[in-house]
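A.B. asks: Structure, please.
(chains A and B)
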Amino acid sequence: MESAAIIDPPMITPVSLPQQQVASGSEPADVAPERPPAFAVERLSIFYGEKKAIEDVTLTIPSKMITAIIGPSGCGKSTLLRSLNRMHELAPNTRIEGKVLFAGDDIYAPEVDPVVIRRRIGMVFQKSNPFPTMSIAENVLVGLKLNGVRDRAFLRERLEQSLRMAALWDEVKNDLHKPGISLSGGQQQRLCIARAIAVEPEVLLMDEPASALDPIATAKIEELIHELSANYTVVIVTHNMQQAGRCSDYTAFLYLGRLIEFASTTKIFTNPSERQTEDYITGRFG
Amino acid sequence: MVTKHILGTFDEALASLRNNVLMMAGLTERSLDRAMKGLFQRDDDLCANAIADDEEIDQLEIQIDKDGVDVLMRFQPLASDLRRVVSAMKLSSNLERMADQATNIARRARKLNRHPALPELELIAPMHAHAMSMFKDSIDAYVREDVQLGRAVVPRDEKLDELNRVASRRLIQRMAEDPDQLRGYLNLMFIARHLERVGDHATNIAEDAVYAAAAEDIRHQQFVASS
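C.D. replies: Numbering: from 1, shown residues only, chains lettered A, B, ... in the order given. Next up is the predicted model:
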């Protein structure tokens, strides 16, 4: 593929994530499976100025599975998620201690370019944010074009492929030239997902991707997340406990910046080991 | 033991579900007691009362199922709350079937009461005591969330099965020896069988109590162990 050299990261050894799949209908184990994880977070602390947002978190995020991060507002969910592609650094005065290993490489090593990291680890935000002056097609292809891809046939192919993967193709195939912001809220969010996957990242980070959507649009996003997990590692922050239960294979519960519990989603939502987890998910917190 | 829920209405709904289960357990125990006293004391009125109890128990089963579905729909409970709702609904189903056994026993007892007492009734007494002891302990395990007690109930079912086998053998033998009383012996055999089923339901309740308290599925352990 002609764009491979452009898209492949120049500074990090290319990953060879295992092609494992969990058999349909099987339960994930209570602990992360023994295979190369997508992320290994080691004793991670994150500071915004003097404020410690994340405190000594150690966590292994399995590859090609869906991991949900839950916890009350202000517990550090979004900070932890953003630290996985260094997006939190966009806030001023941030500092980290510890490590985030992605496919075995420290993404905070001095020689690593955060732009490359963010290309490999895409992100979808709470509020859909298509570029307002761009058409649907331009929104999807902007990442590739910024990386110098000019092959029209390739771009056309990738446009359709990304929109199909985002379950949006059938709805927009005749309106590709229309502005991205002309779509409904749910469609805009799927457009942002198409934009994120157009550059073929290895991971999708999602920060409450459906919290502003109605139940039908939410269901479409959740179905999409499920389908994407066949090819991508997905990490999703959500306030919606039922959504975490429906979508994810593993769940991490954070409280006051600390990781309280990480286990299979079934375990967390039927029989959590920690009292704080139980109190939070059953609504008996605080 | 359980911290208060942020939603007071959820705590109320859970408490109401539990209270209805306990009321159903109390009525089922009373119904079984009346049926067995009707048999041992040859009292048709007690038998009639046991049969009449069944309707109220059936209504409670319907109410608990309705309330359980309502709690699931409105609150989407998780973890121990989810287990409490699921186990309440399963308990009510077992209690309803136990109450059906009480009705069956009462009906058989009324038939027996029309004829002179059979000395083989003594075969039923130990079965009754054992089944009721299992039933009470299974309900205690549920109420107190006592995992140890719940576990201890399950193997006691074997003794009840054995008592049933002994009673059946003896009653079949008596049928051959004394065919004039065949119907009577047959009714006693059915009563023994109903008590054996009471033990099975008590076992189910004990297993559900363990699940509710500890999220542990202890059903069919012999199959799990051998597979």
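A.B. asks: show me what contacts the most centrally placed residue in chain B?
C.D. replies: What sits nearest the mean C-alpha location of chain B, by Cα atoms, centre = their mean, is B:M98, with 4.0 Å. Counting by Cβ atoms under 8 Å, 6 or more residues apart in numbering or on different chains, B:M98 touches B:T28, B:L32, B:F135, B:R197, B:V198, B:H201, B:A202. Placement of C-beta: from N, CA and C, glycine included.
A.B. asks: run the last query once more with 10 Å
C.D. replies: B:M98 sits next to B:24-25, B:28-29, B:31-32, B:57, B:131, B:135, B:194, B:197-202, B:204-205 when contact means Cβ atoms under 10 Å, 6 or more residues apart in numbering or on different chains.
A.B. asks: and the residue of chain B found nearest chain A, what are its phi and psi?
C.D. replies: Across chain B, the shortest distance to chain A (Cβ to the nearest Cβ) belongs to B:A215, at 3.4 Å. Per-residue torsions, B:A215: phi 60, psi 30 (degrees, to the nearest 10).
A.B. asks: thinking again about what came up before, is it correct that the residue nearest to the centre of chain B falls within a helix?
C.D. replies: Yes: using DSSP: H, G, I helix; E, B strand; the rest coil, the assignment for B:M98 is a helix.
A.B. asks: Give me the pLDDT value at it.
C.D. replies: Here, the pLDDT recorded for B:M98 equals 98.
A.B. asks: Kindly report the same for A:G286.
C.D. replies: At A:G286, the model reports a pLDDT of 60.
A.B. asks: just the strands in chain A please.
C.D. replies: Counting by DSSP state E, chain A has strands at residues A:39-48, A:51-61, A:66-70, A:94-102, A:105-106, A:121-124, A:203-207, A:233-237, A:250-255, A:258-264.
A.B. asks: In contact with the closest residue to B:M24 other than its chain neighbours, which residues?
C.D. replies: Nearest residue to B:M24 in three dimensions, chain neighbours excluded: B:L60, at 4.4 Å (Cβ to Cβ, 6 or more residues apart in numbering or on different chains). Counting by Cβ under 10 Å, 6+ apart, B:L60 makes contact with B:N20, B:V21, B:M23, B:M24, B:A25, B:L27, B:T28, B:S92, B:L95, B:E96, B:A99.
A.B. asks: and B:L60, what element?
C.D. replies: Using DSSP states H and E, the element containing B:L60 is helix B:44-75.
A.B. asks: how about that helix: buried residues?
C.D. replies: Residues B:46-47, B:49-51, B:53-54, B:57, B:60-61, B:63-64, B:67-68, B:71, B:75 are the ones in helix B:44-75 that count as buried (16 or more other Cβ atoms under 10 Å in any protein chain shown).
A.B. asks: Same check on stretch A:51-70?
C.D. replies: Per 16+ other Cβ under 10 Å, stretch A:51-70 contains these buried residues: A:52-55, A:57, A:59-70.
A.B. asks: Next: stretch A:107-115.
C.D. replies: Of the residues in stretch A:107-115, A:I107, A:Y108, A:V112 count as buried by neighbour count, 16+ other Cβ under 10 Å.
A.B. asks: which of the residues you listed come close to chain B?
C.D. replies: Among the buried residues of stretch A:107-115, not one lies near chain B by Cβ under 10 Å from any Cβ of the partner chain.
A.B. asks: Can you redo those as CSV, where the extra columns are pLDDT?
C.D. replies: Shown next, in CSV, are the buried residues of stretch A:107-115 (pLDDT from 0 to 100):
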residue, pLDDT
A:I107, 96
A:Y108, 95
A:V112, 93
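A.B. asks: which non-adjacent residue is nearest the residue of chain A found nearest chain B?
C.D. replies: For chain A, the residue closest to chain B is A:N271, as judged by Cβ to the nearest Cβ, at 3.4 Å. In space, and not counting its chain neighbours, A:N271 is closest to B:A215: 3.4 Å by Cβ to Cβ, 6+ apart.
A.B. asks: for B:R110, same thing?
C.D. replies: Using Cβ to Cβ, 6+ apart, the nearest residue to B:R110 is B:C47, at 4.8 Å.
A.B. asks: Looking at A:C247 now. What's its pLDDT?
C.D. replies: 92.
A.B. asks: residues in contact with it?
C.D. replies: For A:C247, the contacting residues are A:66-68, A:206, A:209-210, A:221-223, A:225-226, A:229, A:234, A:236, A:238, A:240, A:265, by Cβ under 10 Å, 6+ apart.
A.B. asks: What is the burial count for the closest residue to A:K127 other than its chain neighbours?
C.D. replies: Nearest residue to A:K127 in three dimensions, chain neighbours excluded: A:A212, at 5.9 Å (Cβ to Cβ, 6+ apart). When neighbours are defined as other Cβ atoms under 10 Å in any protein chain shown, A:A212 has 15 of them.
A.B. asks: how near is A:A212 to A:N240?
C.D. replies: 12 Å (Cβ to Cβ, to the nearest Å).
A.B. asks: quick one: common contacting residues for the two?
C.D. replies: By Cβ under 10 Å, 6+ apart, the residues touching both A:A212 and A:N240 are A:T218.
A.B. asks: Low-confidence ranges, the stretch 1-150 of chain A, go.
C.D. replies: Within the stretch 1-150 of chain A, the stretches with pLDDT under 70 are A:1-35.
A.B. asks: picking up where we left off before, next one, pLDDT for the residue of chain B closest to chain A please.
C.D. replies: For B:A215, the pLDDT comes out at 91.
A.B. asks: now swap in A:M165 and tell me
C.D. replies: For A:M165, the model assigns a pLDDT of 89.
A.B. asks: if you skip the residues just before and after it, what's nearest to it?
C.D. replies: Nearest non-adjacent residue to A:M165 (Cβ to Cβ, 6+ apart): A:I197, at 5.6 Å.
A.B. asks: What mean pLDDT does the strand or helix carrying B:N164 get?
C.D. replies: Per DSSP H and E: B:N164 is located in helix B:157-177. Helix B:157-177 carries an average pLDDT of 97.
A.B. asks: other SSEs contacting it?
C.D. replies: Identification of packing neighbours for helix B:157-177 by 3 or more Cβ pairs under 10 Å, 6 or more residues apart in numbering or on different chains; DSSP states H and E yields helix B:124-144, helix B:182-214.
A.B. asks: List the buried residues in it.
C.D. replies: Residues of helix B:157-177 classed as buried by neighbour count (16+ other Cβ under 10 Å): B:D157, B:L160, B:L163, B:N164, B:A167, B:S168, B:R170, B:L171, B:R174, B:M175.
A.B. asks: Can you verify my assumption that the third one contacts B:M134?
C.D. replies: No: under the contact definition of Cβ atoms under 10 Å, B:L163 does not touch B:M134, with a separation of 11.7 Å.
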